[in-house]
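In: A structural model of the following input is requested.
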Amino acid sequence: MKITDLGTAVVAGNFDWIYVRIDTDEGLSGLGEAYWGAGVEPIIRELKPFLVGEDPSNIDWLFNKLLRYMSGSGSQAGTVVTAIGGIEIALWDLAGKALGVPIYRLLGGRYRDRVRVYADCGQGDEPTPESWAERARTALAGGFTAIKFDIDNVDPERFGREPSVGLAAPWARSHRRPLASAELDRIVELMDAVREAVGPHVDLALDCHWNYSVSDAIRLAEALEPFDLAWLEDPVPPENWEAMSRVTDAAPMPICTGENLYTRHGMRDLIVNQACDIIQPDIPKTGGILEARRIADLADLYFMHVAAHNVSSPIATMAAAHACASMRNFTVLEFHAMDVPWWDDLVEEPGPLIQDGYLALSEAPGIGLTLNEEVARSHLREGSTYFGA
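Out: Coordinates of the predicted model:
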């Protein structure tokens, strides 16, 4: 079997979902999905000549071939790894289809037949305890038993932070400011309302989006101790493992980080220095399925859990579930599309895919999902073509 073509399509959900399709001379195709970001789709298309004519079953060899080719752009550069990660997932889907088995069987089997999922609730519709509590109850009504909220920038007007007008996300700022006492009190007030709404047995995680200094992160962690958090996520940027380690050592709850790092090389310092408690690779973003599994295996040497970051459509979410099923130290996978009512409709398989807070794995070959062409076309990003058509 040889690769004959590669095409892309970008569907506009709550993020840009960048699909990759790889075709072969035997009529089989593999479908992948890359993490969103500027420049990712052009890089995928640029790599097409280095895939055509190759055996698609040589997944790891092709992954490293593409990294070497792009070494002039920095072999570990985020956009490059992200683009190659989408291709890698498509190759795994193709391999599974060619052999008639689900991806997790190609990874050595599974530790679980369904993958636990948590709902990223973002923030309440309004910066009030009542609104945040209602948001939490909505997630529970959807069957989730684990949830996460974003606690940075809870009220930028009130606390003197500039609102992020025109930015892709409320945490997309270029600098940090000290954590004001009034803001800290507000965060505690919001979390008190959320915990009261969901009760003591729902896992509650909080995301800081790299927003704080070491001292402020420690202050924040200490103030949040009464809420029995599953983890506190990205309290400081992960690039400086020593700074992260200071927070981890002082915090009364687990510290989770890693979504903005690429490949096992980017995760290495955090893991081997045990600078966090939970490692959080985004599977398409970090280089794909095999790279995520290698990160998990490295973390397992230090008895460290994996909680995978995920902002993807059903395609990469299910691909991530295959990887997570094969990880001994996996705990939970993110779901970030509570507000996308057509998320399940993007695939032809009957939904909902997530039931009672779990994503079930089937014996269907490859990823096990088929893109619904009509729905995907109806939500194409402006200017995008459907795999070149």
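
In: all helices for the stretch 1-150 of the chain, in order.
Out: Under the criterion DSSP state H, counting those that start in this stretch, the stretch 1-150 of the chain carries helices at the ranges 40-46, 59-69, 78-99, 103-106, 129-141.

In: any stretches of the protein with poor pLDDT?
Out: By pLDDT under 70, the weakly predicted segments of the chain are 72-76, 155-176.

In: can you give the domain ranges for it?
Out: Following automatic domain parsing, the chain resolves into domains at 3-101+373-378, 106-360.

In: start and end of the last one, how far apart?
Out: End-to-end distance of domain 106-360: 17 Å, with Cα to Cα, to the nearest Å as the criterion.

In: and it, how far out from the chain's middle?
Out: Its chain's C-alpha centre and that of domain 106-360 lie 9 Å apart, by Cα atoms, centre = their mean, to the nearest Å.

In: what do you get for stretch 376-389?
Out: For stretch 376-389, the distance to the chain centre is 23 Å (Cα atoms, centre = their mean).

In: and the strands in the stretch 251-389 of the chain?
Out: 255-257, 278-279, 305-308, 330-335, 354-355, 358-360 (DSSP state E, counting those that start in this stretch).

In: returning to what we had before: give me whichever of the helices of the stretch 1-150 of the chain is most buried.
Out: Across those, the average number of neighbours (mean count of other Cβ atoms under 10 Å) peaks for helix 78-99, which reaches a mean of 26. No exception for glycine: its C-beta is placed from N, CA and C like everyone else's.

In: who does that helix touch, helix- and strand-wise?
Out: Applying 3 or more Cβ pairs under 8 Å, 6 or more residues apart in numbering; DSSP states H and E, one finds that helix 78-99 contacts strand 16-24, strand 29-34, helix 40-46, helix 59-69, helix 103-106, helix 289-300, helix 314-325.

In: what angle do that helix and strand 29-34 make?
Out: On the basis of axes from the mean of the first three to the mean of the last three Cα atoms, to 10 degrees, helix 78-99 is oriented at 150 degrees to strand 29-34.

In: kindly state the beta-bridge partners for the closest residue to Ala321 other than its chain neighbours.
Out: With sequence-adjacent residues excluded and distances taken as Cβ to Cβ, 6 or more residues apart in numbering, Ala321 is closest to Val115, at 4.4 Å. Going by DSSP bridges, Val115 is paired in beta bridges with Leu359.

In: Cys324 is in contact with Val115, correct?
Out: Yes. Assessed by Cβ atoms under 8 Å, Val115 is found in contact with Cys324 at 5.0 Å.

In: quick check: neighbours shared by these two?
Out: Jointly contacting Val115 and Cys324 under the rule Cβ atoms under 8 Å, 6 or more residues apart in numbering are Phe330, Leu333.

In: which positions within stretch 321-338 qualify as buried?
Out: 321-327, 329-338 (16 or more other Cβ atoms under 10 Å).

In: and Glu33, how far from Val202?
Out: 29 Å (Cβ to Cβ, to the nearest Å).

In: between the two, which is the more surrounded one?
Out: Taking neighbours as other Cβ atoms under 10 Å, Glu33 and Val202 compare with Glu33 leading, 28 against 19.
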